[in-house]
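Student: here is a sequence with its predicted model. Questions after.
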Amino acid sequence: MERNKRKVREGRVISNRMEKTIVVAVERRFRHPRYEKIIRRTSKLYAHDDKNECRIGDKVKVMESRPVSKLKRWRLVQVLEKAR
């Protein structure tokens, strides 16, 4: 039996003040159905960072997981780029 693929998103860390938790801003872009303008929408994902390795501004990859807490449904996969 094979389980379904989990969602993977890339985004920037906007907060790391909590213990073992980061907040990742994920931006999606789409074209408005009527006006054809490209629109940017941002979602905030709470992700589990087991080693507390992320800093604000890091570009990270997160993957969907089982609920870790009330808000956390994602986990850190890797840090793609460190903040300057």
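Tutor: Yep, that arrived.

Student: what's the helix or strand for the residue nearest the centre of the chain?
Tutor: Note on the chain: the residue nearest the mean C-alpha position is residue 24, at 4.1 Å, using Cα atoms, centre = their mean. Residue 24 is part of strand 21-31 when elements are defined by DSSP states H and E.

Student: sheet-wise, list the partners of whatever helix or strand comes next after that strand with their directions.
Tutor: Next along the chain after strand 21-31, taking DSSP H and E as the criterion, comes strand 38-48. Sheet pairing for strand 38-48, assigned by DSSP bridges, gives strand 21-31 (antiparallel), strand 74-81 (parallel).

Student: tell me the pLDDT at residue 4?
Tutor: Turning to residue 4, the model gives it a pLDDT of 84.

Student: what helix or strand is residue 11 on?
Tutor: Using DSSP H and E, residue 11 falls in strand 8-15.

Student: CA atoms of that strand as CSV?
Tutor: Extracted in CSV, the C-alpha atoms of strand 8-15 (Å, rounded to 0.1, in the frame of the first residue of the first chain):
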residue,chain,number,x,y,z
VAL,A,8,5.8,20.6,-0.4
ARG,A,9,6.0,24.4,-0.3
GLU,A,10,8.9,27.0,-0.4
GLY,A,11,8.9,30.2,1.4
ARG,A,12,10.6,32.7,3.7
VAL,A,13,10.9,32.5,7.5
ILE,A,14,9.1,35.5,9.0
SER,A,15,9.3,34.4,12.7
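
Student: just to revisit the earlier point, just the CA atoms of the strand holding residue 24, as CSV, please.
Tutor: The C-alpha trace of strand 21-31 is given here as CSV (Å, rounded to 0.1, in the frame of the first residue of the first chain):
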residue,chain,number,x,y,z
THR,A,21,8.5,26.4,15.5
ILE,A,22,8.9,28.7,12.6
VAL,A,23,6.3,30.8,10.6
VAL,A,24,6.9,30.6,6.9
ALA,A,25,5.3,33.0,4.4
VAL,A,26,4.4,31.2,1.2
GLU,A,27,3.6,33.4,-1.8
ARG,A,28,1.4,32.3,-4.7
ARG,A,29,0.8,34.2,-7.9
PHE,A,30,-2.2,33.9,-10.1
ARG,A,31,-3.9,35.8,-12.9
